[in-house]
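Novice: A structural model of the following input is requested.
(one chain, ligands or ions: 2)
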Amino acid sequence: MSLISLPRALEILSQDEIVAIPTETVYGLAGRIDSPTALKKIFTVKKRPYFDPLIVHVHSIEDAKRLCLEWPEVYDILAKEFWPGPLTLVAKKNSRVHDLISSGLDTVAIRCPLHPLAQQILFSLKTPFAAPSANRFGKTSPTRWTHVETEFNGEIPIVDGGPCQVGLESTVVQWDFKNKTQLSILRPGVITATLLQKALLKHQIKVKIEKNTSHRSPGFLLQHYQPKWPLVIINKYNLIEKDKASILNQLNTHLPKPHFLSSKIDWIELELDHQPQIAARELYHQLHNLSSGKKAILYFLTKGRWQSPEWEGLVDRLSRAASLQYFEEEPQ
Ligand code: AMP
Ligand code: MG
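Specialist: Residues are numbered from 1 along each chain as shown. Ligands and ions are numbered 1, 2, ... in the order given. Next up, the predicted model:
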């Protein structure tokens, strides 16, 4: 077992090493931003490609500003409203940000985490850390220390901070530094466009908020978060219980069989809570659990969910975690 205490984690972090730590979104693999050795280890251990930039975690807005060339008023308002919390702001970086962090881009992604242990680590280190999710690249993110333990076969020291309360990665936004009229959501999360708009309007700031621009960042790949056993999503217009059997029949007879499905599909169903916040908190945990059943995982996604803003972050992760999506024809 690789659980360690907070003081031990601080010691390890100060020796160019990396540690898995809890945040409110997912468990992160943390390395100090002033240690190129630790930063390299993050990429090696995760098998993460160097083109995928890391998010820097800071203790305060002041610490964030110290890493940027420019800090627009919009970021000040959003940070005051949502930090500490699951919102990442992409800003123009200065020379304090190593190229390993930004993958050679001239910007850096920054957030201030809410989890008390992450805060305590940042306070004691007095240096920000970079921390992508503590899992191998492309795989399901960890929301419990046990997920990290299994993923890395006990080889990474972990600080236990309990189950993650948000359970989905942060919303990532980027200000249009050139025209100064638009905020882009690069990755949807629990902080939605509506919440961002509301916070800005309180300060009489009206900006266009553009969604679904995931191609803007090199790290946003169509296939990500994938569980060990394949997830298949059935997109339904109206789901009634008796439809499930007929869909499964269609899957067996009509769909071209991906390599992972044997002649008869042996499957297990993913069921998510009706409240998006609870569903988000449980998603990755359920994917980890269901994967151990060694069956294809099926999820029936109804239209109400795939169109509703508060489900957006979750549907984004589900879609990218899926090996196959089946769309029912729209009723006339
Ligand atoms: P994660 O793998 O969950 O840590 O996600 C971090 C994501 O944030 C990456 O996949 C990047 O695509 C995004 N990101 C990090 N830095 C930047 C940046 N400078 N510009 C745009 N996106 C970024
Ligand atoms: Mg990740």
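
Novice: the stretch 1-150 of the chain: strands as residue ranges?
Specialist: Listed from the start of the chain, the stretch 1-150 of the chain has strands (DSSP state E, counting those that start in this stretch) covering 19-21, 28-32, 55-57, 87-92, 107-111, 129-130.

Novice: looking at those, which is closest to ligand 1?
Specialist: Proximity to ligand 1 (Cβ to the nearest ligand atom) singles out strand 107-111 among the strands of the stretch 1-150 of the chain, at 3.3 Å. C-beta coordinates here come from the backbone N, C-alpha and C atoms, glycine included.

Novice: tell me the angle of the closest one relative to strand 87-92?
Specialist: 150 degrees (axes from the mean of the first three to the mean of the last three Cα atoms, to 10 degrees).

Novice: count of residues packed around Ser133?
Specialist: As a burial measure, Ser133 scores 28 neighbours (other Cβ atoms under 10 Å).

Novice: tabulate the strands of the stretch 1-150 of the chain (CSV), appending mean pLDDT.
Specialist: Formatted as CSV, the strands of the stretch 1-150 of the chain follow (pLDDT from 0 to 100):
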stretch, mean pLDDT
strand 19-21, 98
strand 28-32, 98
strand 55-57, 98
strand 87-92, 98
strand 107-111, 98
strand 129-130, 98
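
Novice: could you list the low-pLDDT ranges of the stretch 201-332 of the chain?
Specialist: Within the stretch 201-332 of the chain, the segments meeting pLDDT under 70 span 212-219, 238-243, 250-265, 332.

Novice: how about 90 then?
Specialist: For the stretch 201-332 of the chain, the stretches with pLDDT under 90 are 211-224, 226, 228-230, 232, 234-267, 292-296, 300, 302-308, 323-332.

Novice: before we move on, back to that, wait, which of the strands of the stretch 1-150 of the chain is closest to Ile233?
Specialist: Closest to Ile233 of the strands of the stretch 1-150 of the chain is strand 87-92 (Cβ to Cβ; 26.0 Å).

Novice: the closest one near ligand 1 anywhere?
Specialist: Yes. Strand 87-92 reaches ligand 1 (Cβ under 6 Å from any ligand atom) through Val90.

Novice: parallel or antiparallel, list what pairs with that strand.
Specialist: According to DSSP bridges, strand 87-92 forms sheet pairs with strand 107-111 (antiparallel), strand 171-175 (parallel).

Novice: for that strand, give me every contacting residue.
Specialist: Applying Cβ atoms under 8 Å, 6 or more residues apart in numbering, the external contacts of strand 87-92 come out as 55, 64, 67-72, 75, 78-79, 106-111, 170-175, 177, 186-187, 189, 191.

Novice: check the residues you listed one by one and keep those near ligand 1.
Specialist: Contacts with ligand 1 are made by Ile55, Thr107, Val108, Ala109, Val172, Leu186 out of the contacts of strand 87-92, judged by Cβ under 6 Å from any ligand atom.

Novice: possible to save the strands of the stretch 1-150 of the chain as CSV with mean neighbour count?
Specialist: Below are the strands of the stretch 1-150 of the chain laid out as CSV (neighbours: other Cβ atoms under 10 Å):
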stretch, mean neighbour count
strand 19-21, 29
strand 28-32, 27
strand 55-57, 25
strand 87-92, 23
strand 107-111, 25
strand 129-130, 28
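
Novice: identify whichever of those lies nearest to Pro230.
Specialist: The nearest among the strands of the stretch 1-150 of the chain, by Cβ to Cβ, is strand 28-32 at 25.0 Å.

Novice: and that closest one, what other elements does it pack with?
Specialist: Other helices and strands packing on strand 28-32, by 3 or more Cβ pairs under 8 Å, 6 or more residues apart in numbering; DSSP states H and E, are helix 6-13, strand 19-21, helix 36-46, helix 116-125, strand 129-130.

Novice: near ligand 1, anything from it?
Specialist: No. Applying Cβ under 6 Å from any ligand atom, one finds strand 28-32 separated from ligand 1 by no less than 7.5 Å.

Novice: mind exporting the C-alpha coordinates of that strand to PDB?
Specialist: Taking Å, rounded to 0.1, in the frame of the first residue of the first chain, the C-alpha atoms of strand 28-32 are listed here in PDB:
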ATOM      1  CA  GLY A  28      -3.800  14.600  -9.500                       C
ATOM      2  CA  LEU A  29      -0.200  13.500 -10.100                       C
ATOM      3  CA  ALA A  30       1.600  16.500  -8.700                       C
ATOM      4  CA  GLY A  31       5.100  17.800  -9.300                       C
ATOM      5  CA  ARG A  32       6.500  21.300  -8.500                       C
END
